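Chemist: Pasted the sequence and its predicted model underneath.
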Amino acid sequence: MTDLTGKRVAFVATDGFEDSELTSPWQAVTDAGAEAVLIAPEAGTIEGKNGHSQSVDAVTGESSAAEFDALVLPGGVVNADNLRMDDGAVALARDFFAQGKPVGVICHGGWTLVEAGVLEGRTVTSYPSLKTDLRNAGAEWVDEEVVVDQGLVSSRTPDDLPAFNAKVVEEIAEGRHAGQTA
């Protein structure tokens, strides 16, 4: 098993996240030894679309990519739509790319990366309804279980979580990627 001891992984989400797309990668990185931290636009507790509640550890406007080794953006239509309108979440995502740190994004989570302007020339996948948005942001969209592009890991749906989790853990273990730029 890959060892992520000493690594800190930021999970950025808000109400309406796809429960399994937060809890499954969270479990994968913590099982590998990393510390997972939930960051949201507001303090308190957030609730997934299927009822999972989780306490917020930090807020987007007060968090910095410098504090973390990687970022995970779970999906959920409501979650992703709200995050892409949160300046702090968008700036935080952009900062992870600027620092060359691994980023995992699944389902509708790609909307935050569209808003952050970090997809030009990248190959990604997502929930199929985001295909045009991602292409318009300069990405090459493909319909695959998991895609890895210079530290950016993307997947389509909860069905892809086993492959997504494995690649997220692998990319975090590898660390910074020269091609992971904003």
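Modeler: Sure, I can see it. Just so it is clear, the model here is predicted, and its values are computed rather than measured.
Chemist: count of neighbours near Ser155?
Modeler: Using other CB atoms under 10 Å, Ser155 is surrounded by 30 other residues. To be clear about C-beta, it is placed using only N, CA and C from the backbone, and glycine gets the same treatment.
Chemist: Can we start the residue count at 21 from this point?
Modeler: Okay, using 21 as the starting number, the last item reads as Ser175.
Chemist: Report pLDDT for it.
Modeler: In the prediction, the pLDDT value recorded for Ser175 is 98.
Chemist: Dig out what it forms beta bridges with.
Modeler: Taking DSSP bridges, one obtains Ile126, Val166 as the residues bridged to Ser175.
Chemist: Kindly confirm whether my reading is correct that it touches Gly129.
Modeler: No. Look at Ser175 against Gly129 with CB atoms under 8 Å: they stay out of range, at 9.3 Å.
Chemist: All the helices of this structure, residue numbers only.
Modeler: When secondary structure is read from DSSP state H, the chain shows helices at 39-51, 97-103, 107-118, 130-136, 151-156, 181-194.
Chemist: Adding mean neighbour count, mean pLDDT and distance to Ala30, write those helices out as a markdown table.
Modeler: What follows is these, written out as a markdown table (neighbours: other CB atoms under 10 Å; pLDDT from 0 to 100; distance: least, CB to CB, whole Å):
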| stretch | mean neighbour count | mean pLDDT | distance to Ala30 |
| --- | --- | --- | --- |
| helix 39-51 | 20 | 98 | 10 |
| helix 97-103 | 22 | 97 | 13 |
| helix 107-118 | 21 | 97 | 7 |
| helix 130-136 | 25 | 98 | 12 |
| helix 151-156 | 15 | 98 | 22 |
| helix 181-194 | 20 | 97 | 11 |
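Chemist: now for those helices, which one comes closest to Gly26?
Modeler: Using CB to CB as the measure, helix 181-194 is the one of the helices of the chain that comes nearest Gly26, at 11.0 Å.
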